[in-house]
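K.L.:
Could you work out the structure for the sequence below:
(one chain, ligands or ions: 2)
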Amino acid sequence: MNYNKKTVMDMDVAGKKVLLRCDFNVPMAKDGSGVITDDKRIRAALPTIRYLLEQGAAVIACSHMGKPVATYESYVKKQTEKGKDPATLTEEKWRKSLAELSLAPVAKRLSELLEMEVIMAADVVGPDAQAKAAALQPGQLLLLENTRFEKGETKNDPALAKAMADMAELYVSDAFGAVHRAHASTAGVADYLPAVSGFLIQKELEVIGGALAAPKRPLVAILGGSKVSSKIGVIDNLLSIADTIIIGGGMAYTFSAAKGGKIGNSLFEADWQDYANQMVEKAAQKGVKLLLPVDTVCGDKFAPDANVQVVPAGQIPDGWEGLDIGPKTVELYCAAVQDAGTVIWNGPMGVFEFAAFAKGTEAVAEALSKTDAITIIGGGDSAAAVQQLGYADKMSHISTGGGASLEFMEGKELPGVACLLDR
Ligand code: ADP
Ligand code: MG
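P.N.:
Residues are numbered from 1 along each chain as shown. Ligands and ions are numbered 1, 2, ... in the order given. Take a look at the predicted model:
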């Protein structure tokens with residue numbers, strides 16, 4: 001696919017202040033210790049950061065992290081809705097919840113990876129950020145605080161977008177994981193500055209876009225995860241593109257129930273049964289092979305220590321739930337992957353977080369690691385599964401954006417890309 005947006009390579013960045021939107025929304029240890037448990041997203045931003053610094057830009061990086069509540073009032077409201085006693089909700093507690101989502105640990109990790117000083121601002125567009133941005137010299141790197149500390153961020157408030165833009169002369173977006181959101185720092189700023197992409201966005205769109213626009217065939221799409229409702233857009237779009245669609249994970253049971261199968265306590269979305277049947281029909285009309293599980297690994301509870309049995313699809317006993325694809329299905333799916341030209345994978349085959357129900361996901365990951373096909377991993381949980389199972393190096397591409405890659409595969413416009421200058 002020809003990538004048709006301007007990139008940093010198309011601009012003269014020397015001596016310019018560049019506002020660089022990254023996706024530094026990395027997983028952190030739950031104990032508030034500030035330990036980053038996976039720095040993949042930070043590493044993925046390095047090529048663009050290095051390029052800009054080497055070219056003599058002064059780089060003002062920014063990102064969101066998690067879901068902070070930007071005002072004390074909404075913090076009290078949200079926590080009260082969750083059933084917390086308002087009397088215990090002090091302003092100090094709110095500030096602590098914000099501090100846990102500071103980008104300071106990211107600045108530290110960035111500085112280790114780049115082996116240079118990273119200047120950290122205490123705010124996003126406040127006095128500290130303003131002063132540090134104004135003083136920033138070519139070759140220096142400043143990191144602003146969590147963009148979601150500003151309540152205008154998720155509302156795409158033009159005043160916030162303008163305040164961010166005012167600190168710089170060029171906007172570069174490399175936050176692939178956030179391009180499906182029209183927020184102040186992902187899209188709004190492009191109204192006030194020339195806007196181009198970095199190398200990560202370019203790579204993600206070239207690889208995933210290429211696989212959708214002109215795939216090496218046969219194109220096999222493996223779709224799993226928890227819900228039909230979250231994957232319908234993708235199934236629908238891929239029915240016009242793929243040669244084979246493989247269904248696994250929790251959504252398989254809605255397909256099974258729609259055909260009259262017995263699914264016990266398995267994950268089930270009653271409202272999507274008609275849709276599931278329509279998809280099966282549509283696949284037949286279009287000559288797309290749609291593969292559904294033929295057997296199921298069930299547990300007697302949703303737990304790592306559940307009792308386990310394998311049953312044919314559609315014959316799950318009462319009191320049991322389907323938590324992985326069975327061994328016959330594994331064989332069928334792995335065979336379908338073997339002579340693929342391209343494989344797109346989005347969504348695990350089972351509850352891979354529990355060892356007893358990880359075999360299906362593991363077998364598919366292993367099969368992908370062995371094919372000569374171009375292998376693209378789309379979803380956040382599938383990417384984590386591939387990593388956890390040790391197959392990350394064997395895949396052609398693991399997307400850094402779960403939600404973004406999903407929306408891209410649905411054929412939707414991505415606001416954080418649409419706002420960039422056309423080449
Ligand atoms: P991705 O992030 O890769 O797109 P999803 O977010 O759609 O994937 O779904 C991932 C989740 O689906 C995992 O946490 C996994 O445990 C769950 N899941 C997979 N199969 C089942 C199942 N049979 N029953 C319940 N949950 C399942
Ligand atoms: Mg997910």
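K.L.:
Check the burial of whichever residue of the stretch 51-200 of the chain sits closest to ligand 2 by counting its neighbours.
P.N.:
Across the stretch 51-200 of the chain, the shortest distance to ligand 2 (Cβ to the ion) belongs to Gly177, at 12.2 Å. Yep, even glycine has a C-beta here, placed from its N, CA and C like the rest. Neighbourhood size, Gly177 [other Cβ atoms under 10 Å]: 28.
K.L.:
what does the one 5 residues further on give?
P.N.:
Ala182 is surrounded by 17 other residues when neighbours are defined as other Cβ under 10 Å.
K.L.:
And Phe408, by the same measure?
P.N.:
25.
K.L.:
State the distance from it to ligand 2.
P.N.:
15 Å (Cβ to the ion, to the nearest Å).
K.L.:
quick one, what contacts that residue?
P.N.:
With contact set as Cβ atoms under 8 Å, 6 or more residues apart in numbering, Phe408 has these partners: His180, Leu205, Ile208, Gly209, Leu414.
K.L.:
ok, those vs ligand 2, which is closest?
P.N.:
Relative to ligand 2, the closest of these is His180; by Cβ to the ion it sits at 13.5 Å.
K.L.:
Correct me if wrong: Lys132 contacts Ile119.
P.N.:
Yes. Using Cβ atoms under 8 Å, Lys132 is in contact with Ile119, at 5.7 Å.
K.L.:
Could you check which of those two has the larger neighbour count?
P.N.:
Ranked by neighbour count (other Cβ under 10 Å), Lys132 and Ile119 place Lys132 first, with 20 against 16.
K.L.:
contacting residues for that one?
P.N.:
Each residue near Lys132 by Cβ under 8 Å, 6+ apart is listed here: Ile119, Ala121, Leu142.
K.L.:
anything in contact with each of Lys132 and Ile119?
P.N.:
Common neighbours of Lys132 and Ile119 (criterion: Cβ under 8 Å, 6+ apart): Leu142.
K.L.:
helix/strand/coil for the closest residue in space to Leu170 that isn't next to it in sequence?
P.N.:
The shortest distance from Leu170 to any non-neighbouring residue, by Cβ to Cβ, 6 or more residues apart in numbering, is to Val18 (4.9 Å). Under DSSP: H, G, I helix; E, B strand; the rest coil, Val18 falls in the strand class.
K.L.:
Can you get me a residue count around Ala258?
P.N.:
Neighbourhood size, Ala258 [other Cβ under 10 Å]: 22.
K.L.:
My guess is it contacts Gln273. True?
P.N.:
Yes. Using Cβ under 8 Å, Ala258 is in contact with Gln273, at 3.9 Å.
K.L.:
So which bits of this protein are right by ligand 1?
P.N.:
The chain comes close to ligand 1 at residues 224-226, 230, 249-250, 267, 322-323, 346-348, 350-351, 353, 379-382, 402, as judged by Cβ under 6 Å from any ligand atom.
K.L.:
Mind checking which of those are in strands?
P.N.:
Among the residues of the chain next to ligand 1, the ones falling in strands (DSSP state E) are Gly322, Leu323, Asn346.
K.L.:
Could you export those residues as TSV, including pLDDT and neighbour count?
P.N.:
Shown next, in TSV, are those (pLDDT from 0 to 100; neighbours: other Cβ atoms under 10 Å):
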residue	pLDDT	neighbour count
Gly322	98	31
Leu323	98	26
Asn346	94	28
